[in-house]
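*Asks:* here is my input; please provide its structure:
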Amino acid sequence: MRQQQLSALVCGLLFAIGLGVSGMTQPQKVIGFLNIFGAWDPSLLFVMVGGVLVYGLGYPWVKKAPKPLFAPQFLVPTSRHIDKRLLVGAALFGIGWGIAGFCPGPALASLVTLGRAPLIFGIFMILTVLIFERIQNKKERVS
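*Replies:* Predicted structure coming up:
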């Protein structure tokens, strides 16, 4: 296995373990955090603050490096364009997260439990991605 692939695997496993330890893989905990007008559970706020702190301290330090350790260059998005597609996608993501209590990362990490909810969410997430790609491919062929 190449260094870049091994690095991605280690990072993914570390991320999945962090999601599990923090409770992000428990839909009821996530929904409790999102329910700010009801029985609000602020515990995931510590997870978010921790993530922001790590990013805030780490990104400027990493950015000073001439290139990543296991890739030829940094791939940093440059587009700052906010359009209808981005806003609709963000809204659908948020609505889905609020209804299901899962977003893609925690849902994938939860698949190891073989629980019914993560499996159903995972199947529909994959189906939705495939449907979206098919629609995009048709639009690209037409234009």
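
*Asks:* so how many other residues sit close to residue 102?
*Replies:* Burial of residue 102 is recorded as 25 neighbouring residues (other C-beta atoms under 10 Å). Glycine gets a C-beta too; all of them are placed from N, C-alpha and C.

*Asks:* surely it meets residue 29?
*Replies:* No: in terms of C-beta atoms under 8 Å, residue 102 does not count as a neighbour of residue 29; the distance is 11.1 Å.

*Asks:* now stretch 116-128: buried residues?
*Replies:* Residues of stretch 116-128 classed as buried: 117-118, 121-122, 125 (neighbour count, 16 or more other C-beta atoms under 10 Å).

*Asks:* quick check, nearest of those residues to residue 65?
*Replies:* Distances from the buried residues of stretch 116-128 to residue 65 were compared by C-beta to C-beta; the smallest belongs to residue 125, at 33.8 Å.

*Asks:* most centrally placed residue in the chain?
*Replies:* residue 105 (4.4 Å; C-alpha atoms, centre = their mean).

*Asks:* following whatever helix or strand that one lives in, which helix or strand comes up?
*Replies:* With secondary structure defined by DSSP states H and E, residue 105 is part of helix 104-110. Sequence-wise, the next helix or strand downstream of helix 104-110 (DSSP H and E) is helix 116-142.

*Asks:* quick one: list the elements packing against that following helix.
*Replies:* With contacts defined as 3 or more C-beta pairs under 8 Å, 6 or more residues apart in numbering; DSSP states H and E, helix 116-142 has these neighbours: helix 104-110.

*Asks:* hey, C-alpha coordinates of the helix it packs on in PDB?
*Replies:* Output in PDB follows, covering the C-alpha atoms of helix 104-110 (Å, rounded to 0.1, in the frame of the first residue of the first chain):
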ATOM      1  CA  PRO A 104     -22.200  11.000   6.000                       C
ATOM      2  CA  GLY A 105     -19.000  10.600   8.200                       C
ATOM      3  CA  PRO A 106     -20.700   9.300  11.300                       C
ATOM      4  CA  ALA A 107     -23.100   7.200   9.300                       C
ATOM      5  CA  LEU A 108     -20.200   5.400   7.600                       C
ATOM      6  CA  ALA A 109     -18.500   5.000  11.000                       C
ATOM      7  CA  SER A 110     -21.700   3.600  12.400                       C
END
